[in-house]
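> only the shape, not the letters, is given here:
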């Protein structure tokens with residue numbers, strides 16, 4: 001059974017940092033591309049950052065380039081999202097996803113990130 005569990009969210013002041021983690025189980029994580037999405041209240045879900053199965057290719061939304069870094073540790077079946085220079089507009093529920101090729105995308109339950117003074 002595929003399972004993705006996000007952690008690391010919370011309340012942080014503007015300019016602060018958080019590191020989100022996504023622990024994967026039930027499949028061979030190293031075969032899957034992993035992606036972080038987020039959804040703010042009243043907004044559509046948007047892609048934040050993605051990383052290839054090997055970790056060699058990454059991509060980011062323009063709004064987070066230079067501030068966020070996605071990485072993965074396949075030995076630990078875990079994907080990370082380091083978020084620096086957080087802004088109030090980064091406030092959202094952050095979701096981890098896993099996808100093998102063009103197959104089904106699996107989603108975690110999400111973790112809340114709130115950026116506020």
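Good, I have the coordinates. None of these values were measured; they are calculated from a predicted model.
> only C-alpha atoms for contact and neighbour calcs from this point on.
Noted.
> tell me the SS of the residue lying closest to residue 54 once chain neighbours are set aside?
Closest residue in space to residue 54, ignoring its immediate chain neighbours: residue 30 at 6.6 Å, by Cα to Cα, 6 or more residues apart in numbering. Under DSSP: H, G, I helix; E, B strand; the rest coil, the three-state class of residue 30 is helix.
> contacting residues around residue 30?
Contact analysis of residue 30 by Cα atoms under 8 Å, 6 or more residues apart in numbering lists 53-54, 74, 77.
> give me the buried subset of these.
Buried subset of the contacts of residue 30 (neighbour count, 16 or more other Cα atoms under 10 Å): 53, 74, 77.
> part of a strand, is residue 11?
Yes. The assignment for residue 11 (three-state DSSP) places it in a strand.
> any idea what it is bridged to?
Assessed by DSSP bridges, residue 11 has beta-bridge partners residue 114.
> on that earlier part again, so of the contacts of residue 30, which ones are in helices?
Assignment to helices by DSSP state H places none of those there.
> farthest pair within those residues?
Greatest spacing in the contacts of residue 30, by Cα to Cα: 54 and 77 (12.0 Å).
> for residue 61, see how far away residue 94 is.
In this structure, residue 94 and residue 61 are 14 Å apart, going by Cα to Cα, to the nearest Å.
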